[in-house]
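Participant: Pasted the sequence and its predicted model underneath.
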Amino acid sequence: MHGSGTYHLTAGHKYEGEFFEGKKKGMGKFIWKNKDTFEGSHNNHDSHGSGKYTFSNNGEYFEGEYRYGKQNGRGMYHYANGDLFIGDYINGNLHGIGLMIYKNGGEDLREYRNGNFMRSIPDY
């Protein structure tokens, strides 16, 4: 397949978007059987580049950079309650200093290592 189209996978997933030499490449939307979605750039069947992953069960979503199917680089996680987290990711895990912005206007600077919360940084 070459160009734009829709591909239905046997597991019930679906991809709508660009193809190159039979592989997902370019902009597209992947829809999982559970209705989670990823909209953005694909390369060789993986999420690669900028994109948005939306969780169908609660409407929360992540917008940011992906590399080989995992969050890598800067991203923003939007919580269902209106809170927002801005930080860096390595291989799908939060890593480094990030900022939690609460719906009520409060903020909290946090440190993560390999996906594990390490500490809040007071009075930044």
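Facilitator: Happy to help now that I have it. Residues are numbered from 1 along each chain as shown.
Participant: Following element in sequence after the helix or strand containing Glu65, please.
Facilitator: Following DSSP states H and E, one finds Glu65 within strand 61-67. With elements assigned by DSSP H and E, the helix or strand that comes after strand 61-67 is strand 70-78.
Participant: helices and strands around that next one, which ones?
Facilitator: strand 61-67, strand 84-90 (3 or more Cβ pairs under 8 Å, 6 or more residues apart in numbering; DSSP states H and E). C-beta here means a position set from N, CA and C on the backbone, and glycine is covered the same way.
Participant: So Glu18: helix, strand or coil?
Facilitator: At Glu18 the chain is in strand, as set by DSSP: H, G, I helix; E, B strand; the rest coil.
Participant: Please report how far the closest residue to it other than its chain neighbours lies from Trp32.
Facilitator: The shortest distance from Glu18 to any non-neighbouring residue, by Cβ to Cβ, 6 or more residues apart in numbering, is to Gly26 (3.2 Å). As judged by Cβ to Cβ, to the nearest Å, Gly26 and Trp32 stand 20 Å apart.
Participant: do Asn93 as well
Facilitator: Using Cβ to Cβ, Asn93 is found at 21 Å from Trp32.
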